[in-house]
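K.L.:
pasting the structure only:
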Ligand SMILES: Cc1cc2nc3c(=O)[nH]c(=O)nc-3n(C[C@H](O)[C@H](O)[C@H](O)COP(=O)(O)OP(=O)(O)OC[C@H]3O[C@@H](n4cnc5c(N)ncnc54)[C@H](O)[C@@H]3O)c2cc1C
């Protein structure tokens, strides 16, 4: 079985700082990581490969430095890595990103065998849109299974797959066909520690670097800024609330009194709540 | 190179892509549509929140507000349509077909894109639920139009364009995004970000039905079953009136019991900050914040939570925020209304006890009457 997984190199947004005056992102020295949600998809891809045989190709679109993310993925045990990098992709929104990635996946398919499954993470932690997966599926005409919590079974002969998919208020059991695109939910598995063998293999594996032309992309108007229907017009910092919390002083008082004081303060501000809480609680 | 980089500020003027030059074929796209999410007979409340927001946009643009209901034949559609009118829709488009019984991407995408192609809305809004996001991505790609995810604010610009504002870089910045030269302009909005509008008893509006040009045997994906969340374990954080949450300051998994005890005493839901989910102390559906749930309770009590921006964006809509934290300089005190600088592990039991004391005579009165 051939599995393609799309990952993204993202800034570790926990460490991002905003310039207090210019409101711009200070990227200097911010470390990059593989989008954490993608790791669940990568692990699932590796598990399927280990169970059914075949190969895992990991693909990313990004600047040349995104090679680091691919190297990491190879270290976890992926068999092949493709970096789609070209200045034509700069400024891509989700529609343009899914276009470029879908073209590259098609090219990977031509070169190394049609994928049975394409994986992505649930969403990225920087863009947060959850749109690229569905975009790729639509463009490649793959069946789309999003928010998958578990792959229950794969039948390669019958070309059939059964998954558990998270939806509002419950879990759907779905049966679908291969090839398909799966976006994997977080917390479903835990990424393995790459073995020494994987590390050695990774060191020997060359990351393929593809330009738009290498990926067979002819229509450059669908890429980058030009191919992006959405336009970012304004970036600004959220307004801070002027007042600070009223802090109830805890010195020299017993906790019981502080608790009473806090509750009194809550009900002074929200009188209607008292009746509601009495009704709900007290169980 | 993809979404992250493009969100970096850049000058608005002088960019070809930023000028509005709406192609001729889009000029007759008009009206605001809200997808009324119907799953297993239930309308998701986010749809009503969106109708409230959609009403404002439609009024500004002086166009009509329409709901879109996709579902199987039966009573559920009728009541969804009635609710859509009650929450402000002028008209409702209905696609009624057995193959829309359970959500599946293929028939829903087909139904929605057919409707758009026929009736040409200028704005299409969906809830950023699992269903809404799954559907929105496919519909936007099929229609080759722009889609802005997880918006926190929607407005109409002076030239009539939809201005969709969303958090970026983990909530530390906001950005306003436009879809200038394509239609419809699509956006998703998370549950509980927009306030619930007033329900009015409005006379029934216009209904337009459309057939679905697809048959069950053309749909590959089949639903084998549905497992509802176990009632007791199910978190309904987004719609809870009172939420008590614990953070890393609680120090150990067993101390979460203190949060649960307080929640039980006042009939609240309990939640947590992200590190607790990462440590496996609480399930992911209890996480509050940017990558968790957005909440809008009347009262939010945060114990041992620092108030990082990613947590803040999920709780800012609360009417009253109470923080318990040992550090008087913790960022949470910048947006909480009431703060207690003390050890939550010692204070939570005292608070639970005090609430029980204060509330119990009332509950006894209730029982007696
Ligand atoms: C992409 C991304 C997405 C994220 N999404 C979310 C999200 O959705 N939700 C979320 O919550 N976080 C999210 N985070 C994480 C966020 O940045 C913070 O790391 C997190 O909110 C911190 O959790 P915390 O406040 O519980 O822990 P800490 O930051 O460790 O704070 C603990 C607090 O407890 C206080 N404390 C310590 N001991 C006690 C005591 N005995 N009694 C009372 N107080 C005490 C401390 O003073 C401190 O303020 C995200 C991060 C990233 C990078």
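P.N.:
Happy to help now that I have it. Note that the coordinates shown come from a computational prediction; the quantities given were computed from them, not determined experimentally.
K.L.:
contacts and neighbour counts: CA atoms only from here.
P.N.:
Noted.
K.L.:
dump the residue contacts of residue B:240.
P.N.:
B:268, B:269, B:295, B:296, B:297 (C-alpha atoms under 8 Å, 6 or more residues apart in numbering or on different chains).
K.L.:
and chain A, which of those residues contact it?
P.N.:
Among these, proximity to chain A is found for residue B:268 (C-alpha under 8 Å from any C-alpha of the partner chain).
K.L.:
Tell me the one of the contacts of residue B:240 nearest the ligand?
P.N.:
Lowest distance from the ligand to the contacts of residue B:240 (C-alpha to the nearest ligand atom) belongs to residue B:295, with 11.2 Å.
K.L.:
nearest spatial neighbour of residue A:9, skipping sequence neighbours?
P.N.:
Once flanking residues are discounted, residue A:9 sits nearest to residue A:34: 4.8 Å by C-alpha to C-alpha, 6 or more residues apart in numbering or on different chains.
K.L.:
circling back: out of the contacts of residue B:240, which are inside helices?
P.N.:
Nothing among the contacts of residue B:240 maps onto helices, per DSSP state H.
K.L.:
Quick check: strands, which of the contacts of residue B:240 are part of them?
P.N.:
Among the contacts of residue B:240, DSSP state E puts residue B:269 in strands.
K.L.:
Pull out the buried positions in stretch A:38-48.
P.N.:
By 16 or more other C-alpha atoms under 10 Å in any protein chain shown, the buried positions in stretch A:38-48 come out as A:38, A:39, A:40, A:41, A:42, A:43, A:44, A:45, A:46, A:48.
K.L.:
ditto for stretch A:31-38
P.N.:
A:32, A:33, A:34, A:35, A:36, A:37, A:38.
K.L.:
quick check, nearest of these to residue B:204?
P.N.:
Residue B:204 has its nearest neighbour among the buried residues of stretch A:31-38 in residue A:37, at 44.8 Å by C-alpha to C-alpha.
K.L.:
how far away is the closest one from the ligand?
P.N.:
Residue A:37 is 10 Å from the ligand, where distance means C-alpha to the nearest ligand atom, to the nearest Å.
K.L.:
check contacts around that residue.
P.N.:
A:121, A:122, A:123, A:124, A:125, A:184, A:185, A:186.
K.L.:
got the residues of chain B near the ligand?
P.N.:
B:170, B:247-250, B:273-275, B:288-292, B:303-308, B:310-311, B:324-327, B:330, B:342-345 (C-alpha under 6 Å from any ligand atom).
K.L.:
Low-confidence stretches in the stretch 1-150 of chain A?
P.N.:
Across the stretch 1-150 of chain A, the ranges flagged by pLDDT under 70 are A:13-16, A:18, A:20, A:22-25.
K.L.:
can you give me the strands for it?
P.N.:
Remark: strands assigned in the stretch 1-150 of chain A by DSSP state E, counting those that start in this stretch are A:2-6, A:9-11, A:17-18, A:25-26, A:32-34, A:55-61, A:80-84, A:117-121, A:143-155.
K.L.:
do the stretch 151-283 of chain A as well
P.N.:
Residue ranges of the strands in the stretch 151-283 of chain A, as given by DSSP E, counting those that start in this stretch, are A:160-167, A:170-177, A:180-184, A:207-210, A:230-236, A:246-248.
K.L.:
and what of the stretch 51-200 of chain B?
P.N.:
Assigned by DSSP E, counting those that start in this stretch, the stretch 51-200 of chain B shows strands spanning B:65-71, B:91-96, B:123-127, B:147-151, B:153-156, B:162-168, B:173-179, B:185-189.
K.L.:
What helices and strands are in contact with the first one?
P.N.:
When you say that, I think you mean strand B:65-71. Contacting strand B:65-71 under the criterion 3 or more C-alpha pairs under 8 Å, 6 or more residues apart in numbering or on different chains; DSSP states H and E are the following elements: strand B:32-36, strand B:38-39, helix B:46-61, helix B:75-86, strand B:91-96.
K.L.:
hey, which of the strands of the stretch 1-150 of chain A is tucked in deepest?
P.N.:
Scoring those by mean neighbour count under mean count of other C-alpha atoms under 10 Å in any protein chain shown gives strand A:117-121 as the most buried, with a mean of 27.
K.L.:
Show me what that strand is in contact with.
P.N.:
The contact list for strand A:117-121 (C-alpha under 8 Å, 6+ apart) reads A:2-7, A:37-42, A:45, A:133, A:178-186.
K.L.:
Could you export the strands of the stretch 51-200 of chain B as CSV, including mean neighbour count and mean pLDDT?
P.N.:
Formatted as CSV, the strands of the stretch 51-200 of chain B follow (neighbours: other C-alpha atoms under 10 Å in any protein chain shown; pLDDT from 0 to 100):
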stretch, mean neighbour count, mean pLDDT
strand B:65-71, 28, 98
strand B:91-96, 22, 98
strand B:123-127, 26, 98
strand B:147-151, 27, 95
strand B:153-156, 17, 96
strand B:162-168, 25, 93
strand B:173-179, 24, 92
strand B:185-189, 27, 97
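K.L.:
Dump these to a markdown table, plus distance to residue A:99.
P.N.:
Below are the strands of the stretch 51-200 of chain B laid out as a markdown table (distance: least, C-alpha to C-alpha, whole Å):
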| stretch | distance to residue A:99 |
| --- | --- |
| strand B:65-71 | 28 |
| strand B:91-96 | 30 |
| strand B:123-127 | 22 |
| strand B:147-151 | 14 |
| strand B:153-156 | 27 |
| strand B:162-168 | 22 |
| strand B:173-179 | 17 |
| strand B:185-189 | 18 |
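K.L.:
Minimum distance to residue A:109: which of these has it?
P.N.:
strand B:147-151 (28.1 Å).
K.L.:
got the buried residues for stretch B:131-143?
P.N.:
Using 16+ other C-alpha under 10 Å as the test for burial, stretch B:131-143 gives B:131, B:132, B:133, B:134, B:135, B:136, B:137, B:138, B:139, B:140, B:141.
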